[in-house]
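*Asks:* Need a 3D model of the following:
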Amino acid sequence: MDKMKKFLKETGSTVLTVVIIIILTLGFMKFVAQRTDVDGESMMYTLHDGDALIADKLTYRFSDPKRFDIIIFPYAGDPDSYFIKRIIGLPGETVQIDTEGKIYINGEVLEEHYGAEVIQNPGRAIEPVVLGDDEYFVLGDNRNYSFDSREEAVGNINRKDIIGRTWLRVFPFSSFGIIDK
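*Replies:* This next block holds a predicted model:
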């Protein structure tokens, strides 16, 4: 009988510890971070097909997304699919892409080095795209192979739809580390 009580006492403590760890992990993943995988080549050469990333869900609870942040958001056409793209245009700005592939923000050429090549198809941004007070314009780094804000099906991204910003690559292990912006 004493052995049974001792066993239950020791086992109960272990079970409680495991339950607490599971609850903390689930809470962490729900409110602080999210693991996501890159599927496709739209963010090459920054991110690669098969990369496993951690997205920070906490930062945007206290501050607004910034230009060039790489964000995760659900695709409106399939809420179970998530896109990973770079913020180019901020709320209230006007974005336009000319036939030479230059990106303009409020009429000024955007100085950036993320695009893997010259944009061949400006899409809907051939005409000025005026962003609302809570809207962002996003592009993939692999500009000619990215389904992004240039397409009507993606369009401008609402602030409330942004899940978080990517900041850590956890796989492949050879590329483990902070993601450079």
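
*Asks:* Spell out which residues make up each domain of this structure.
*Replies:* Split into domains by automatic domain parsing, the chain comes to 1-31, 34-178.

*Asks:* Can you give the distance of the longest one from its chain's centre?
*Replies:* It refers to domain 34-178. In terms of CA atoms, centre = their mean, to the nearest Å, the centre of domain 34-178 is found 7 Å from the chain centre.

*Asks:* out of the domains of the chain, deepest packed?
*Replies:* Of all the domains of the chain, domain 34-178 has the most neighbours on average by mean count of other CB atoms under 10 Å, namely a mean of 16. To be clear about C-beta, it is placed using only N, CA and C from the backbone, and glycine gets the same treatment.

*Asks:* average pLDDT for that domain?
*Replies:* Per-residue pLDDT over domain 34-178 has a mean of 91.

*Asks:* Helices along the chain, start to end?
*Replies:* Along the chain, counting by DSSP state H, helices occupy 2-31, 59-62.

*Asks:* and those helices, which one is worst for confidence?
*Replies:* Sorting these by mean pLDDT places helix 2-31 lowest, at a mean of 62.

*Asks:* So in that sheet, which strands flank the lengthiest strand in the chain, and in what orientation?
*Replies:* Counting residues, the longest strand found in the chain (DSSP state E) is strand 78-89. Sheet pairing of strand 78-89 (DSSP bridges) gives strand 70-75 (antiparallel), strand 135-139 (antiparallel).

*Asks:* Next up, phi/psi of the residue nearest to residue 147 when sequence neighbours are not counted, please.
*Replies:* Distances taken as CB to CB, 6 or more residues apart in numbering put residue 154 closest to residue 147, at 6.2 Å, once the chain neighbours are dropped. Main-chain torsions, residue 154, degrees, to the nearest 10: phi -100, psi -60.

*Asks:* List the contacts of residue 154.
*Replies:* By CB atoms under 8 Å, 6 or more residues apart in numbering, the contact set of residue 154 is 75-76, 83, 138, 147-148.

*Asks:* same check, this time on residue 64
*Replies:* 91, 159.
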